[in-house]
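# Requesting a structural model of the entry that follows:
(one chain, ligands or ions: 1)
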Amino acid sequence: MSVAVVPNDSKHNLKAVREAYYDKISKYDMAPLWEVLKNVVTKEPKTKCTPALWKFTDVQKLMGEAGDVITAEEAERRVLVLENPNLRGQTRITNSLFAGIQLIMPGEVAPAHQHVASAIRFVLDGEGAYTAVKGEKANMSPGDFILTPNWAPHDHGNPSDKPMLWLDVLDLPTVNHFETSFMNHFDEAVQATKRSEGDSLEFYGSGVLPDGAEVSKISPVINYTYARTRPIIERLMKAGDIDKRHGARVRYANPTTGGWALPTMGAHLALFPQGFKGEPYRSTDGTIFVCAEGKGHTKIGEETFEWTRNDVFVVPPWARYSHTADKESVLFSISDRPMQEALGIWREDA
Ligand code: 1HN
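This next block holds a predicted model:
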């Protein structure tokens, strides 16, 4: 009997001894790694993100109401944040990226500012509003992919007679993770334009470069228009270049390096033939998708998300997913892959 009691007792004592010790070191702002090691060095990625989908029918209705609640000027940016359901209150869709839907009504201006966080716009609906970036106006049409890199001055305006809606994705949570945020407003709400519309795409996106073009981590192209990119994925599909997981897919590239368009966020545009049944895939970059055309569904883990035009959905890091297209469909996608690659930590599991 005493044999059994002694180890129990010593276990109990050991627990008490350890707790007393932890209390003691805590006063010196120290803690035992061995109590948390398994949680901080996991065998596989452990994500707080959950898969989620935002239907454009809901987004359009709710955004329309935002137009009654606040002006673009008062809001500075009239954006509804797409918050990951497991990260509510944290202003993010994945741990590293922000996503939101922005509305600009006819006649409105979103005043010029600049910030360290890089932004991209993926245009959803409307025609004829613009975003001006570093003195170049980019006219917005659905499917356009527009860059607003780190510290680039930018303002938006809508001289058309229709509301304009787009998806904003920013590396803001990452900039704030590093605690490196700066931002600045300009005296003039609207930037003076120094270049003609479309200059940057013509100068840098046509297989030639202006003589002496600077090599930079940031793409000089401001608007990768849908009108230019859509026929390329069509051609890729016709050529039979269809990846079993990703469809006929192009990567938005920086023409001065061949690398990603931005150092922090990487985007693709993919075409799926009608009846496409994708093989499963996963990678460590949590990815935001937008359906630009068509109809289909994506299985993420055990859940299935049905999407149609302008629906947005998010796949968490290392979640297995596969796309199915009921009609010929186009998916835009964006993630933090360039950051992970730069750090040498990106992985995929084909
Ligand atoms: C921002 O500056 C814009 O310039 C959009 O349109 C979304 C989300 C968070 C912080 C700044 C814009 C933003 C943002």
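# any weak-confidence spans in the stretch 251-350 of the chain?
Across the stretch 251-350 of the chain, nothing is flagged by pLDDT under 70.
# could you pull out the helices for it?
Along the stretch 251-350 of the chain, the stretches classed as helices by DSSP state H, counting those that start in this stretch are 337-343.
# Return the nearest residue of it with respect to the ligand.
Residue nearest to the ligand within the stretch 251-350 of the chain: M265 (13.3 Å; C-beta to the nearest ligand atom). Every residue, glycine included, has its C-beta placed from N, CA and C.
# How about the contacts made by that residue?
L97, S118, I120, V169, D171, I334, S335, D336, P338, M339 (C-beta atoms under 8 Å, 6 or more residues apart in numbering).
# and those residues as TSV, adding distance to F145 and neighbour count?
Output for the contacts of M265, formatted as TSV (distance: C-beta to C-beta, whole Å; neighbours: other C-beta atoms under 10 Å):
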residue	distance to F145	neighbour count
L97	15	25
S118	13	23
I120	7	25
V169	10	25
D171	15	25
I334	9	24
S335	14	26
D336	16	25
P338	15	22
M339	18	21
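# Give me the number of neighbouring residues for R228.
Neighbour count for R228, taken as other C-beta atoms under 10 Å: 16.
# Which helix or strand contains it?
helix 226-238 (DSSP states H and E).
# what comes into contact with that helix?
For helix 226-238, contacts defined as C-beta under 8 Å, 6+ apart pick out 123, 141-145, 201, 205, 242, 247-250, 252, 269-271, 273, 292, 330.
# for that helix, the distance to its chain's centre please.
Put simply, helix 226-238 sits 22 Å off its chain's centre (C-alpha atoms, centre = their mean, to the nearest Å).
# Can you show me the CA trace of that helix as CSV?
Extracted in CSV, the C-alpha atoms of helix 226-238 (Å, rounded to 0.1, in the frame of the first residue of the first chain):
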residue,chain,number,x,y,z
TYR,A,226,-9.4,41.6,-67.7
ALA,A,227,-9.6,42.6,-71.4
ARG,A,228,-5.9,41.7,-71.7
THR,A,229,-5.7,38.7,-69.4
ARG,A,230,-9.0,36.8,-70.1
PRO,A,231,-8.0,36.0,-73.8
ILE,A,232,-4.7,34.5,-72.5
ILE,A,233,-6.3,31.9,-70.2
GLU,A,234,-8.7,31.1,-73.1
ARG,A,235,-5.7,30.5,-75.4
LEU,A,236,-4.0,28.4,-72.6
MET,A,237,-7.1,26.3,-72.3
LYS,A,238,-7.4,25.8,-76.1
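# start the count at 613, not 1, going forward
Let's use 613 as the start, then, which means that last one is helix 838-850.
# For H909, which residues are in contact?
Contacts of H909 by C-beta under 8 Å, 6+ apart are T916, F917, E918, W919, H935, T936, D938.
# beta partners of it?
Beta-bridge pairing of H909 under DSSP bridges involves E918, T936.
# Give me every residue in the protein that's in contact range of the ligand.
Residues of the chain found near the ligand (C-beta under 6 Å from any ligand atom) are R689, V691, F710, G712, Q714, A722, A731, H766, D780, L782, L784.
# Tell me how far E677 lies from L692.
Noted for E677: a distance of 10 Å to L692, by C-beta to C-beta, to the nearest Å.
# Pick out whichever of those two has more residues nearby.
Taking neighbours as other C-beta under 10 Å, E677 and L692 compare with L692 leading, 15 against 10.
# Surely that one is in a strand?
Yes. Counting by DSSP: H, G, I helix; E, B strand; the rest coil, one finds L692 located in a strand.
# Q672 is in contact with that one, correct?
No. L692 is beyond contact range of Q672, at 11.0 Å (criterion: C-beta atoms under 8 Å).
# and the one helix or strand D680 maps to, what does it pack onto?
In this assignment (DSSP H and E), D680 forms part of helix 668-681. Applying 3 or more C-beta pairs under 8 Å, 6 or more residues apart in numbering; DSSP states H and E, one finds that helix 668-681 contacts strand 691-693, strand 710-716, strand 776-782.
# and the angle for it with strand 710-716?
60 degrees (axes from the mean of the first three to the mean of the last three C-alpha atoms, to 10 degrees).
# Name the residues of helix 668-681 that are buried.
The neighbour-count check on helix 668-681 (16 or more other C-beta atoms under 10 Å) flags F668, V671, Q672, M675, A678 as buried.
# any idea how far the first one lies from the ligand?
Shown here: F668 relative to the ligand, a distance of 18 Å by C-beta to the nearest ligand atom, to the nearest Å.
# tell me the contacts of the nearest residue to that residue once chain neighbours are set aside?
Spatially, and ignoring its direct neighbours in sequence, F668 is nearest to N922 (3.6 Å; C-beta to C-beta, 6 or more residues apart in numbering). With C-beta under 8 Å, 6+ apart as the criterion, the residues that contact N922 are F668, V671, Q672, L736, D737, V902, C903, A904.
# Taking these together, which two end up most distant?
Q672 and A904 (15.5 Å; C-beta to C-beta).
# separation between K636 and Q672?
Counting by C-beta to C-beta - K636 and Q672 are separated by 59 Å.
# Neighbours of the residue of the stretch 713-862 of the chain found nearest the ligand, how many?
In the stretch 713-862 of the chain, the residue that lies nearest the ligand is D780 (4.0 Å; C-beta to the nearest ligand atom). Here the number of neighbours of D780 (other C-beta under 10 Å) works out to 20.
# So for it, what's the pLDDT?
The model reports D780 with a pLDDT of 98.
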